[in-house]
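# I'd like to go over a predicted model; first the sequence, then the structure.
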Amino acid sequence: MARILVIGGSLGGLLAANILHRQGHDVRVLEKVRGSMDGRGAGIVTHDALFAGLRRAGLEVTDSLGVQVQRRVALDPAGQTIVSIAMPQVLTSWSRLYEALHQILPPERYVQGVSVQSVTQDADSAQVHGETADGPQSWTGELVIASDGIRSVLRQQLAPQVQPQYAGYVAWRGVCDEAVLSERTLSTVFETFGFGLPAGEQLIGYPVAGPGNDTRRGHRAYNFVWYRPATGQALARLLTDADGVSYQGGISPNKVDWRQVADMRQAARALLAPQFAEMIEKTAQPFLQPIYDLACAQLAFGRVALMGDASFVARPHIGMGVTKAAQDAVALADAVALHGATPQALRAYEQRRLPEGQAAVARARWLGRYMQAQTDPAGAALVAPGEGQSAAEFVAETAIDLERYGHQSSFPGAAAHRSSFAAVAQTAP
Ligand SMILES: Cc1cc2nc3c(=O)[nH]c(=O)nc-3n(C[C@H](O)[C@H](O)[C@H](O)COP(=O)(O)OP(=O)(O)OC[C@H]3O[C@@H](n4cnc5c(N)ncnc54)[C@H](O)[C@@H]3O)c2cc1C
């Protein structure tokens, strides 16, 4: 049994902590946020690898985990269906997964109110130093797993050259209650994974559990993500609150300027199908996130490893952030089972996960290319001459489970996965 410290108690940290705890290790999660973290985040697309990770963490994967859709549709600005394809998929939400993973970890293993500042290490152990309400404190473990997100302080210490790269666009996000939607919206789009594709923009949406993680008909909600180009002054305005205070890198949901929300709703009425405009209008507090790419060249630093969003952030077009964190957690636990809680285990983990992380970032950039081409010459370079970008292609490629649907992907890097796709494709619905 080894002492293992996990920094960050969001979905990545909880997955790693639960799996390692079940392997018999003495795990401690150190999380900055005090009190309830419920209500953070919105919808999560699932993949089979996420379910495998959840099972390894000790969760029973049942229908109550999410909402199943059977089809994907794209609507034109008049609200007419222009693409419709069968593609069953389960959609869940951040709070549903957080609640389930938090509940199964013994409470003494989840320490909140610790803002980790740095890590030191010697031949036998690593020491984590943090601030708590009672002042500075340190913890010692054989391994430290940094799952502290895109702004990871441990990554900034160990690999300061790695910085998030802004993609040139933001995502407006929100969740609208099923109960307030019109009959037309409910019957044409609510039960589907929906797309709106105005020029240079993309909206995706899907049903998720409603308040209280309720998945009953009439009690669910629709999660939307609307990608819109924003650079320079336009981006600065989006990241400035109604009192004129500007934020770097992102703005918390309750600080988003109501005038920006009003402008966005007006644009929705002009550019999107009325069904999507209605959802956006009826969502009390839409929020926004700038979209970043992040890629590391190294994940293992002696007794410290980076995982989840601390190691790679692929744009959400591939809908894989949580799945990737689950795959990282599984790979870490496998490596520790094989090599013990040693630097060698972390190197083995790195070898397995580096290529996967790089491939995820590349595929997400490829999916985001048509938007970026509007604002950034580097984005335009991702589009091969003559390459078609039809609505159907985007609908069929966005947020797909490669294990199920990779055989039909036209992503140039997909060929490398074809052999593994082939076997699974036989069983795909
Ligand atoms: C628009 C958008 C849509 C998305 N859609 C999807 C989707 O459909 N499917 C999907 O799988 N993913 C999606 N994601 C990504 C997903 O949210 C993350 O990839 C996922 O949560 C894994 O993150 P993580 O646990 O590694 O880090 P995070 O969730 O960022 O958690 C980091 C944790 O570390 C804590 N922390 C930070 N610093 C410190 C510190 N110094 N000391 C202690 N604790 C600290 C934080 O409080 C936090 O709890 C989306 C993201 C965006 C922006």
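Noted; the coordinates are in hand.
# pLDDT at the residue in the stretch 51-200 of the chain that the ligand sits nearest to, what is it?
Of all residues in the stretch 51-200 of the chain, Gly149 sits closest to the ligand, at 2.8 Å by Cβ to the nearest ligand atom. The C-beta positions use only the backbone N, C-alpha and C, and glycine is treated the same way. pLDDT, Gly149: 97.
# which helix or strand contains Ala17?
Assigned by DSSP states H and E, Ala17 falls within helix 11-22.
# elements contacting that helix?
strand 3-7, strand 26-31, helix 48-56, helix 94-104, helix 321-339 (3 or more Cβ pairs under 8 Å, 6 or more residues apart in numbering; DSSP states H and E).
# mind putting these in TSV, mean pLDDT, mean neighbour count and distance to the ligand included?
Shown next, in TSV, are those (pLDDT from 0 to 100; neighbours: other Cβ atoms under 10 Å; distance: least, Cβ to the nearest ligand atom, whole Å):
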stretch	mean pLDDT	mean neighbour count	distance to the ligand
strand 3-7	98	26	5
strand 26-31	98	22	5
helix 48-56	95	19	7
helix 94-104	93	19	7
helix 321-339	97	23	2
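# quick check: the gap between Gln103 and Ala57.
11 Å (Cβ to Cβ, to the nearest Å).
# of all the residues in the stretch 51-200 of the chain, which ones are close to the ligand?
114-116, 147-149, 153, 171, 173 (Cβ under 6 Å from any ligand atom).
# what's the closest residue to Ile150 other than its chain neighbours sitting at in phi/psi?
Using Cβ to Cβ, 6 or more residues apart in numbering and skipping residues adjacent in sequence, the residue nearest Ile150 is Asp309, 4.7 Å away. As for Asp309, its main-chain torsions (degrees, to the nearest 10) stand at phi -70, psi -10.
# model confidence at Asp309, what's the number?
For Asp309, the predicted pLDDT is 98.
# same check on the one 4 residues further on?
In this prediction, Val313 carries a pLDDT score of 97.
# list the contacts of it.
Val313 sits next to 150, 164, 292-294, 321, 361 when contact means Cβ atoms under 8 Å, 6 or more residues apart in numbering.
# check which helix or strand the nearest residue to it once chain neighbours are set aside maps to.
Once flanking residues are discounted, Val313 sits nearest to Leu294: 3.9 Å by Cβ to Cβ, 6+ apart. Leu294 is part of strand 287-295, with elements assigned from DSSP H and E.
# that strand near the ligand anywhere?
Yes. Counting by Cβ under 6 Å from any ligand atom, the ligand has neighbours in strand 287-295: Gln289.
# point to the residue nearest the middle of the chain.
The residue lying closest to the centre of the chain (Cα atoms, centre = their mean) is Gly321, at 3.3 Å.
# what's near enough to touch it?
44, 308-309, 313-314.
# the helix or strand harbouring Arg404 packs against which elements?
Assigned by DSSP H and E, Arg404 belongs to helix 402-405. Packing partners of helix 402-405 (3+ Cβ pairs under 8 Å, 6+ apart): helix 48-56, helix 418-425.
# flag every buried residue along the helix holding Ala17.
11-21 (16 or more other Cβ atoms under 10 Å).
# residue contacts, the closest residue to Glu356 other than its chain neighbours?
Leaving aside its sequence neighbours, Glu356 sits nearest to Gln327 (Cβ to Cβ, 6+ apart; 6.7 Å). Neighbouring residues of Gln327 by Cβ under 8 Å, 6+ apart: 49, 53, 353, 356.
# cutoff 10 Å now
Contacts for Gln327 (Cβ atoms under 10 Å, 6 or more residues apart in numbering) come out as 15, 47, 49-50, 52-53, 307-308, 320, 352-353, 356-357, 360.
# check Leu143 too.
2-6, 20, 25, 27, 121, 125-126, 302-305, 332, 336, 340-343, 345-346.
# can you list the low-confidence ranges for the stretch 51-200 of the chain?
Within the stretch 51-200 of the chain, no stretch has pLDDT under 70.
# coming back round to it: residues near the residue of the stretch 51-200 of the chain closest to the ligand, how many?
18 (other Cβ atoms under 10 Å).
# Leu91 now?
24.
# likewise Leu294?
Neighbour tally, Leu294, other Cβ under 10 Å: 20.
# tell me how far it lies from Leu354.
From Leu294 to Leu354 the distance is 13 Å (Cβ to Cβ).
# overlap in contacts of those two?
In contact with both Leu294 and Leu354: 311-312, using Cβ under 10 Å, 6+ apart.
# picking up where we left off before, ok, so of the residues of the stretch 51-200 of the chain next to the ligand, who is nearest Ala236?
Ala171 (17.1 Å; Cβ to Cβ).
# check which helix or strand covers Pro88.
strand 81-93.
# just give me how far that strand sits from the chain centre.
18 Å (Cα atoms, centre = their mean, to the nearest Å).
# CA-only coordinates of that strand in PDB, if you can.
Extracted in PDB, the C-alpha atoms of strand 81-93 (Å, rounded to 0.1, in the frame of the first residue of the first chain):
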ATOM      1  CA  THR A  81     -34.200  19.800 -40.300                       C
ATOM      2  CA  ILE A  82     -31.400  19.700 -42.900                       C
ATOM      3  CA  VAL A  83     -29.500  16.600 -41.600                       C
ATOM      4  CA  SER A  84     -30.800  13.700 -39.600                       C
ATOM      5  CA  ILE A  85     -28.700  10.600 -38.800                       C
ATOM      6  CA  ALA A  86     -29.100   7.700 -36.400                       C
ATOM      7  CA  MET A  87     -26.400   7.800 -33.800                       C
ATOM      8  CA  PRO A  88     -27.300   6.600 -30.300                       C
ATOM      9  CA  GLN A  89     -25.400   8.100 -27.500                       C
ATOM     10  CA  VAL A  90     -25.700   8.700 -23.700                       C
ATOM     11  CA  LEU A  91     -25.400  12.200 -22.400                       C
ATOM     12  CA  THR A  92     -24.800  13.000 -18.700                       C
ATOM     13  CA  SER A  93     -23.800  16.000 -16.600                       C
END
